[in-house]
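Colleague: What follows is a predicted protein model with its sequence.
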Amino acid sequence: MEVIVGLIVIILLLLILGFGPDVIIFGLVGLLTLAAAVSALVLMYFAARLALSKRCSGTFTRIGKHGNRRYDCAYYSVDGEELPNVFPAEMVMKKRLYNSEKTVKLRTDRGGKFVYDRNARATILTGVPLTLLLTLFLALGMWFMTVHYP
């Protein structure tokens, strides 16, 4: 909510300072393109880490905070050691996704500090192409705006 109010205030200030709506829209699309590109880079980083990870199996133990992170993550017991998942825990379908009675296939990070569960792998494998396509689409939109509305 604060972000929306902040954007409205910034847009109003830009209009008061004399910037046209076309410049403001171009700037917003530019910010969205930058955010999509950063998201794609982060997901590609995790995809590379996932490609170098080792297969293992483990059981879900709990959901809790890891270190100084702001979000809860799922913990899995792998070879007697409790390791956190690399991404935040899904809270919407928690009952269906996390079952402590079932052994699941995981991937252990090279450093052995994190695991990639099925949800993390699905996020990475679908997120990389989608964010790359979104970045390309937004960049083409910016190019179209500069060519047709100089």
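Modeller: It's in.
Colleague: what residues are up against residue 105?
Modeller: Residue 105 sits next to 55-57, 118 when contact means C-beta atoms under 8 Å, 6 or more residues apart in numbering. Any C-beta I mention is one placed from the backbone N, CA and C, and that applies to glycine too.
Colleague: Out of those residues, grab the one that's most surrounded.
Modeller: With neighbours defined as other C-beta atoms under 10 Å, the most crowded of the contacts of residue 105 is residue 56; it has 17 neighbours.
Colleague: wait, what's in contact with residue 109?
Modeller: Contact partners of residue 109, counting by C-beta under 8 Å, 6+ apart, are 49, 53, 86, 115-116.
Colleague: Revised request: answer the last question for residue 117.
Modeller: By C-beta under 8 Å, 6+ apart, residue 117 lies in contact with 74, 76, 85, 104, 106.
Colleague: Quickly note the distance from it to residue 99.
Modeller: Distance of residue 117 to residue 99, given as C-beta to C-beta, to the nearest Å: 12 Å.
Colleague: In this structure, which residue is most central in space?
Modeller: Centroid-nearest residue in the chain: residue 39, 6.1 Å away (criterion: C-alpha atoms, centre = their mean).
Colleague: close enough to count as contact, that residue and residue 131?
Modeller: Yes. Residue 39 is in contact with residue 131 according to C-beta atoms under 8 Å; the separation is 4.7 Å.
Colleague: Give the residues shared as contacts by these two.
Modeller: Counting by C-beta under 8 Å, 6+ apart, residue 39 and residue 131 have no shared contacts at all.
Colleague: can you put the contacts of residue 117 in a markdown table and add pLDDT and secondary structure?
Modeller: Converted to a markdown table, these look like this (pLDDT from 0 to 100; DSSP: H, G, I helix; E, B strand; the rest coil):
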| residue | pLDDT | secondary structure |
| --- | --- | --- |
| 74 | 88 | strand |
| 76 | 92 | strand |
| 85 | 90 | strand |
| 104 | 88 | strand |
| 106 | 92 | strand |
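Colleague: now, which of those sits nearest residue 20?
Modeller: Residue 20 lies nearest to residue 85 out of the contacts of residue 117, by C-beta to C-beta, at 46.5 Å.
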